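A.B. asks: next input, structure requested:
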Amino acid sequence: MGASRNFMGKKNHKKAIRSLNQRIAEHQEKIKLEYEKDFPDQGLIRHWETEIRAFEKGIQQALKRLGK
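C.D. replies: As a prediction, this is how the structure comes out:
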């Protein structure tokens, strides 16, 4: 039983990493589009950059749990 639980954990961590990478890509696209505007909203850009850092931290934690 322990082995299958570990496998499920790994599967969930990998899924979380994929999901976080997707969110990072979406936020980078939002930032790019915002910078293309005549008057980019710097507050919004800072908010998205903060979220990207949080997502990256989540990826690092998931990788650590996977033993990488």
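A.B. asks: need the pLDDT of Gly43.
C.D. replies: You'll see Gly43 listed with a pLDDT of 98.
A.B. asks: count the neighbours of Phe55 for me.
C.D. replies: Residues within reach of Phe55, counting by other C-beta atoms under 10 Å, total 20. (Glycine included, C-beta is placed from N, CA and C.)
A.B. asks: list the contacts of it.
C.D. replies: Residues near Phe55 by C-beta atoms under 8 Å, 6 or more residues apart in numbering: 20-21, 23-24, 27.
A.B. asks: now do the buried residues in the one helix or strand Lys57 maps to.
C.D. replies: Using DSSP states H and E, Lys57 maps to helix 42-65. Across helix 42-65, burial judged by 16 or more other C-beta atoms under 10 Å covers 45, 48, 52, 55, 58-59, 62.
A.B. asks: before we move on, the earlier item: which of the contacts of Phe55 lies closest to Lys37?
C.D. replies: The closest of the contacts of Phe55 to Lys37 turns out to be His27 (C-beta to C-beta; 16.0 Å).
A.B. asks: scan the chain for its longest helix.
C.D. replies: Identified as the longest helix of the chain according to DSSP state H is helix 2-35.
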